[in-house]
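Participant: structure, please.
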Amino acid sequence: MAMQPIDLTGGKSVYCFNETQIKSAYELAFEQSDTAPRIQAELDRLEREFTRNERAALAFVVIDRLLKTPEA
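Facilitator: Residues are numbered from 1 along each chain as shown. Model (predicted):
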């Protein structure tokens, strides 16, 4: 029996990240002495307590809120 392909497109793309943004995020999360420990601790907690889908939902909502609210 042939398996049906799974559609991974999920619809129209909404957000795009460039290499500089990803590099900066990794620097904050893993290299900067003042931010890295806090970010890593929260990532560890989220990965322990949330499912993959819950983490994805949280990531999308956080990004959407960042884009929709002015900088403080």
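
Participant: in this structure, what residue spans correspond to helices?
Facilitator: Listed in chain order, the helices of the chain (DSSP state H) span residues 19-30, 36-49, 52-68.

Participant: what is the neighbour count of Thr20?
Facilitator: Summarising burial for Thr20: neighbours were counted as other CB atoms under 10 Å, giving 8. For the C-beta atoms, the positions are set from N, CA and C on the backbone; glycine is no exception.

Participant: now swap in Leu46 and tell me
Facilitator: 13.

Participant: got the contact list for it?
Facilitator: The contact partners of Leu46, taken as CB atoms under 8 Å, 6 or more residues apart in numbering, are 55, 58.

Participant: try 6 Å this time
Facilitator: By CB atoms under 6 Å, 6 or more residues apart in numbering, the contact set of Leu46 is Arg55.

Participant: for it, give its distance to Gln4.
Facilitator: Taking CB to CB, to the nearest Å as the measure, Leu46 and Gln4 are separated by 32 Å.

Participant: out of the helices of the chain, which gets nearest to Gly11?
Facilitator: Between Gly11 and those, the shortest gap by CB to CB is with helix 52-68, which sits at 12.5 Å.
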